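Trainee: Let me see the structure of the following:
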Amino acid sequence: MVYIYFDESGDLGFDFSKGGTSKNFSVAFLIVNEKRPISSLVKKVFASLPQTLKRKSSGVLHAYYEKSSTIAKLLQGISKKDVKIASIRLDKRKVLLIGNPNELYTNIVVTLINRLYTDDIISDTDDIILVASRRNTSKNLNVIFSESVVRRAHGVKFSVNIVPPSDDKCLQAVDFISWAFWQKYEKGDETYTSMIADKIVQEYVMYD
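Mentor: Numbering: from 1, shown residues only. From the prediction side, this is the model:
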């Protein structure tokens with residue numbers, strides 16, 4: 001069994017006159033055959049937090065809210081596990097035609113899946129489950145996304161699970177990986193991606 005966990009960073013807004021609009025949008029993949037080692041790592045890192053932080057977190061680690069020491073601890077732990085990491089970045093300033101954000105998001109995810117297949121990182125013989133963090137509260141939008149990804153990925157057969165990070169700790173791990181790539185792409189800081197560099201099998205840039 002191959003599990004592909006993924007998470008995104010940035011936004012799909014294109015009004016760059018707004019201060020909060022990101023220049024990039026990226027998606028990170030965490031590819032594992034066994035969930036337990038990563039789940040155990042996340043539990044261990046969470047257990048090391050001070051009690052006050054544990055109460056505030058509601059049992060879920062999120063890179064955006066954690067101290068740099070916690071982020072480093074989790075990423076360094078991931079680097080010691082049997083995993084593969086991939087990312088895809090969209091420089092939104094290179095997008096000539098702006099369409100439906102949900103369709104663009106799906107296209108980005110499918111592009112990375114197809115790239116991994118082309119590069120033999122995943123195979124059509126693999127039994128693949130794509131696991132995403134729930135982005136929309138709308139059940140209909142989640143179903144549309146799942147069906148669209150499955151339909152448009154070429155040569156790879158897989159199922160899609162969309163669950164909250166509290167239900168699968170590997171989603172919390174890929175959140176940290178996505179955050180690390182975000183620091184590199186948006187801020188030019190490679191401190192955190194360097195911690196997982198040996199596990200990165202693909203960094204793809206759309207329209208480059």
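
Trainee: burial measure for the residue lying closest to Leu49 once chain neighbours are set aside, as a count.
Mentor: Nearest-residue entry for Leu49: Thr70, 6.9 Å, with adjacent residues in sequence omitted and distances by CB to CB, 6 or more residues apart in numbering. Just so you know, the C-beta spots here come from the backbone N, C-alpha and C atoms, and that holds for glycine as well. Using other CB atoms under 10 Å, Thr70 is surrounded by 18 other residues.

Trainee: Please tell me how far Thr70 sits from Phe16.
Mentor: 32 Å (CB to CB, to the nearest Å).

Trainee: What's opposite the nearest residue to Asn33 once chain neighbours are set aside in the beta bridge?
Mentor: The shortest distance from Asn33 to any residue other than its chain neighbours is 6.1 Å, reached at Val2 (CB to CB, 6+ apart). Taking DSSP bridges as the rule, Val2 bridges to Ile128.

Trainee: So what's the residue count around Val2?
Mentor: Val2: 15 neighbours (other CB under 10 Å).

Trainee: that older thread, check contacts around the residue nearest to Leu49.
Mentor: Neighbour list for Thr70: 45, 48-49, 61 [criterion: CB atoms under 8 Å, 6 or more residues apart in numbering].

Trainee: Could you turn the buried ones of those into a ChimeraX selection?
Mentor: To isolate the buried members of these in ChimeraX, using 16 or more other CB atoms under 10 Å:
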select :45,49,61
